[in-house]
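**Q** Let me see the structure of the following:
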Amino acid sequence: MPENARHPEDDTASAGFHLLLLPAFELSRHGRRLRMPAGAQRLLAFLALSDRPQHRGVVAGRLWADLPGDRSAAALRTTLWQVRRAVPDLVASHGPQLGLCPSVAVDLHESVRWIRLLEAGERPGECRLAALGHDLLPEWLDEWVVVERERYRQIRLHALETLCRRLTEVRDHASAIEAGLSAVSADPLRETAQRVLIEAHIAEGNLSEAVRQYRSYARLLRLELGVEPTAPLAALLPDAAHTYRVGTAASRP
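**A** Modelled structure (predicted):
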């Protein structure tokens, strides 16, 4: 996944191409949606997820892994012809290497850029929470997508937790809770996400919300994994944790 991707606004003034991968594939030019065959969509997504130009043989082998070499190469040639016939300025060729033209803005690249800015200490108000709200092509089952989806999910979760903490520190409680809820929604069993959300509720002065969130998480852990929250998390709300444990113990047969 490209981390040093250029900001879309740097490139789109003339070309105006915008490729969406979060959460679904969509290609547009100057706001007008462009239709692409399924094979062309897969090719463009693969090139967008690559951090450097790829050899034609690699591209053909990854996208048409179920075909022998000569047929996968032919499938790539056909798909390239379809793409270039529909929109000439999307794929760049450098000898045997293929890459996405730099004039194509990719929402994934923009999201990663904002995450890196956040990690570098950018003020929370300048980081876009909406950009962190979606997974990468969740309905695509290709192995190369699955790997990149999980990579981006981990980056996104850490960013949401960091954003929640930063917003809590500057007393933007509503935005902090929104970021925390997004992290918890993406992975309900992730304790670090639950922790920042509970801390945000406490910082806002809503102890009842913090207790409710803790108990909900504790029930989920017991149901899914048969374990309790860790001691550091329970220490945030010791009375609530003790009451919950006593109550659940008493309800067991």
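**Q** I'd assumed Ala105 was in contact with Leu21.
**A** No - proximity of Leu21 to Ala105 does not meet the contact threshold set by Cβ atoms under 8 Å, at 11.3 Å. Bear in mind the C-beta positions are built from the backbone N, C-alpha and C, glycine included.
**Q** between these two, who's got more neighbours?
**A** Shown here are Leu21 and Ala105; by other Cβ atoms under 10 Å, Leu21 has more neighbours (26 against 22).
**Q** can you map out the strands along the stretch 1-150 of the chain?
**A** Counting by DSSP state E, counting those that start in this stretch, residue ranges of the strands within the stretch 1-150 of the chain are 17-20, 26-29, 32-34, 54-55, 91-94, 97-100, 104-106.
**Q** Could you export these as a markdown table, including distance to Leu67 and mean pLDDT?
**A** Compiled in a markdown table, those are given as follows (distance: least, Cβ to Cβ, whole Å; pLDDT from 0 to 100):
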| stretch | distance to Leu67 | mean pLDDT |
| --- | --- | --- |
| strand 17-20 | 25 | 96 |
| strand 26-29 | 25 | 96 |
| strand 32-34 | 27 | 95 |
| strand 54-55 | 17 | 97 |
| strand 91-94 | 20 | 93 |
| strand 97-100 | 18 | 97 |
| strand 104-106 | 27 | 96 |
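**Q** Among these, which comes closest to Pro68?
**A** The closest approach between Pro68 and any of those, judged by Cβ to Cβ, belongs to strand 54-55 at 17.5 Å.
**Q** so which of the strands of the stretch 1-150 of the chain gets nearest Glu228?
**A** Proximity to Glu228 (Cβ to Cβ) singles out strand 17-20 among those, at 41.1 Å.
**Q** by contact count, what packs against that closest one?
**A** strand 26-29, strand 104-106, helix 107-119 (3 or more Cβ pairs under 8 Å, 6 or more residues apart in numbering; DSSP states H and E).
**Q** Within the sheet, what are the partner strands of the second one, with directions?
**A** In other words, strand 104-106. strand 17-20 (parallel) (DSSP bridges).
**Q** Gly226: neighbouring residues, count only.
**A** Gly226 - counted by other Cβ under 10 Å - has 7 other residues nearby.
**Q** and what of Ala203?
**A** Neighbourhood size, Ala203 [other Cβ under 10 Å]: 17.
**Q** Leaving out sequence neighbours, find the closest residue to it.
**A** Nearest residue to Ala203, sequence neighbours excluded (Cβ to Cβ, 6 or more residues apart in numbering): Thr168, at 5.0 Å.
**Q** now Arg35
**A** Nearest one to Arg35, counting by Cβ to Cβ, 6+ apart, is Ala86 at 7.7 Å.
**Q** my guess is that neighbour meets Ala40, correct?
**A** Yes - judged on Cβ under 8 Å, Ala86 makes contact with Ala40 at a distance of 7.2 Å.
**Q** Which one of these two is surrounded by more residues?
**A** Shown here are Ala86 and Ala40; by other Cβ under 10 Å, Ala40 has more neighbours (25 against 14).
**Q** got the contact list for that one?
**A** By Cβ atoms under 8 Å, 6 or more residues apart in numbering, Ala40 lies in contact with 79, 82-83, 86.
**Q** So for stretch 159-169, what gets flagged as buried?
**A** 159-168 (16 or more other Cβ atoms under 10 Å).
**Q** want to throw these into TSV with pLDDT?
**A** Output for the buried residues of stretch 159-169, formatted as TSV (pLDDT from 0 to 100):
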residue	pLDDT
Ala159	95
Leu160	96
Glu161	97
Thr162	95
Leu163	94
Cys164	95
Arg165	95
Arg166	93
Leu167	94
Thr168	96
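**Q** Right, I'll leave it there.
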